[in-house]
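Participant: I need the structure of the sequence given here:
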Amino acid sequence: MTTATRPGRPSALLTSGENLLRLSLRTDAVVTGANGIAYLALAVPLERLLGLDTTASLAIGAFLTAYGLAVAVIGARSPINRTAAAGVAIGNTAWVLASLAAVVTGALNLTTVGAVWAVMQAMTVGAFAALQYLGLRR
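Facilitator: Residues are numbered from 1 along each chain as shown. I've put the predicted structure just below:
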């Protein structure tokens, strides 16, 4: 016996690649955009807290804000451009690797709080990449 899955149910996210991909892109866009705006607005306090140079914080904030907007556009298209979505998943994976490399090498002179923040952020971005990959595979 087969059971029909209604689109509004959480189980629909697990069965529909398009729904999972769209949700992961939209959530990624919101989180990334908000993070970017925070880096821009709080560049000076973040320097003290995270050890991240104000110039680097502003550059990261501008990048994340633009990236978040691009991801939002990709997630809003119907149907989703799979090549663009794959590019987002690859970009997210690159962010994870770069974040972890920065922590391991000490390249950004992060404080302990900054290193923990970078690892937590990498884990979040890695989760988005994994969900996007899963959505693309279905």
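
Participant: shaky segments in this structure?
Facilitator: Low-confidence segments of the chain (pLDDT under 70): 1-15.

Participant: residue ranges for the helices of it, please.
Facilitator: For the chain, applying DSSP state H gives helices covering 10-15, 17-41, 43-50, 54-76, 82-105, 112-137.

Participant: Look up how far G51 lies from G135.
Facilitator: Distance, G135 to G51, by CB to CB, to the nearest Å: 35 Å. Where you see a C-beta, it was placed from the backbone N, CA and C, and this is true even at glycine.

Participant: rewinding a little: would you turn the helices of the chain into JSON lines with mean neighbour count?
Facilitator: Output for those, formatted as JSON lines (neighbours: other CB atoms under 10 Å):
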{"stretch": "helix 10-15", "mean neighbour count": "12"}
{"stretch": "helix 17-41", "mean neighbour count": "19"}
{"stretch": "helix 43-50", "mean neighbour count": "16"}
{"stretch": "helix 54-76", "mean neighbour count": "17"}
{"stretch": "helix 82-105", "mean neighbour count": "16"}
{"stretch": "helix 112-137", "mean neighbour count": "17"}
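
Participant: residue contacts, the nearest residue in space to D53 that is not next to it in sequence?
Facilitator: Distance criterion CB to CB, 6 or more residues apart in numbering; nearest residue to D53, sequence neighbours excluded, is E47 at 6.3 Å. E47 sits next to D53, T54, S57 when contact means CB atoms under 8 Å, 6 or more residues apart in numbering.

Participant: Next, the contact list for the residue nearest to the last one when sequence neighbours are not counted, please.
Facilitator: By that I understand S57. Nearest non-adjacent residue to S57, counting by CB to CB, 6+ apart: A43, 4.1 Å away. If a contact means CB under 8 Å, 6+ apart, then A43 has T54, S57, L58, G61 as its contacts.
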